[in-house]
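Q: Next come a sequence and a model predicted from it.
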Amino acid sequence: MMKYSAIILLGGSSTRFSNDINKVYLLINDKPVFLYSVDVFLNDNDCDEIIIVYNEKDKDIINKYNFDKKIKLVAGGSERYLSVLNGLNVVKNKYVLVHDGARPYINLDLINRVKDGLLKSKSVSLGVKVSDTIKKKTLDAIETIDRDDLYYMQTPQGSETSALKNVLIKIKKEDKITDDLMAFEKYSDITPLIVEGDKKNIKITTIDDFEYMKYLLENKNV
């Protein structure tokens, strides 16, 4: 049994979504997108606290929900890594799993893969091997990239809490860190571990993503 904290990130401006409301609050089956992830973590007995990190501009929205007593609300920062740090400041467990609230197709099996990975490394992430042919375009040429070692990264990403905090506090804004593994790669000698994810565990970024996820969740038990 591995007790851990979950940080669920609800930040983001949804600029690529062309919608006035943060996509995590949009409804699928009359349920906000972010609550799908919250409910999965609530159903894991190893998860004894959930920290929801919200965008300050959405304060009125998030405060309308009646959350379980396991849940804490924390305002986020101007960058993803700052939002994670704000969440880490209230984490009480040795281990923490950080998850994007815009990835509602999560399940206990994927969470367990991350937890198992934490027995081998202080930094673990779900990932899916790239299957498409990848090209790199320059001004003068097009180069085919070897895809054998390429992965699409997903969340949750798990870490030892202290180790994650130690690398995040070293980040500079110009680093353009987009996930926790990048922080470990740049500011530690820890080799992150990638465990098998799920192609359906996508992050809703565009309207097409939302429609695809709506289809998946509405037909999940069919």
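A: That came through fine.

Q: so K186 sits in a strand?
A: No. Looking at K186 with DSSP: H, G, I helix; E, B strand; the rest coil, it is helix, so not inside a strand.

Q: got the contact list for the longest helix seen in the chain?
A: Longest helix in the chain, counting residues (DSSP state H): helix 207-218. The contact list for helix 207-218, computed with CB atoms under 8 Å, 6 or more residues apart in numbering, reads 17-19, 23, 26, 28-29, 33, 36, 104-105, 200, 202-204. In this view, the C-beta of every residue, glycine as well, is placed from N, C-alpha and C.

Q: what are the C-alpha coordinates of that helix, in CSV please?
A: Extracted C-alpha coordinates of helix 207-218, given in CSV (Å, rounded to 0.1, in the frame of the first residue of the first chain):
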residue,chain,number,x,y,z
ILE,A,207,-12.9,21.4,-29.7
ASP,A,208,-12.2,18.2,-31.7
ASP,A,209,-10.6,16.7,-28.6
PHE,A,210,-13.7,17.6,-26.6
GLU,A,211,-16.0,16.0,-29.1
TYR,A,212,-13.8,12.8,-29.2
MET,A,213,-13.7,12.6,-25.4
LYS,A,214,-17.5,13.2,-25.2
TYR,A,215,-18.0,10.3,-27.5
LEU,A,216,-15.7,8.0,-25.5
LEU,A,217,-17.2,8.9,-22.1
GLU,A,218,-20.8,8.7,-23.3
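
Q: Which parts of that helix count as buried, going by neighbours?
A: Within helix 207-218, the residues that qualify as buried by neighbour count (16 or more other CB atoms under 10 Å) are 209-210, 213-214, 217.

Q: Show me how far that helix is from its chain's centre.
A: With CA atoms, centre = their mean, to the nearest Å as the basis, helix 207-218 stands 18 Å off its chain's centre.

Q: next one: stretch 42-62
A: In terms of CA atoms, centre = their mean, the gap separating the centre of stretch 42-62 from the centre of its chain is 13 Å.

Q: So for that stretch, first residue to last residue, what's the gap.
A: Its start and end residues considered, stretch 42-62 measures 18 Å (CA to CA, to the nearest Å).

Q: likewise stretch 189-197?
A: First-to-last residue span, stretch 189-197, CA to CA: 24 Å.

Q: didn't A163 look like it was pressed against P192?
A: No. Here A163 does not reach P192: they are 10.6 Å apart, not a contact under CB atoms under 8 Å.

Q: Those two: who's more crowded?
A: Taking other CB atoms under 10 Å, A163 and P192 do not tie; P192 has more neighbours (23 against 20).

Q: isn't that one right up against A183?
A: No. Using CB under 8 Å, P192 makes no contact with A183, being 9.7 Å away.

Q: circling back to that earlier point, reformat the buried residues of helix 207-218 as JSON lines; add distance to D68 and pLDDT.
A: Putting those into JSON lines (distance: CB to CB, whole Å; pLDDT from 0 to 100) gives the following:
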{"residue": "D209", "distance to D68": "27", "pLDDT": "95"}
{"residue": "F210", "distance to D68": "26", "pLDDT": "95"}
{"residue": "M213", "distance to D68": "23", "pLDDT": "96"}
{"residue": "K214", "distance to D68": "25", "pLDDT": "95"}
{"residue": "L217", "distance to D68": "21", "pLDDT": "94"}
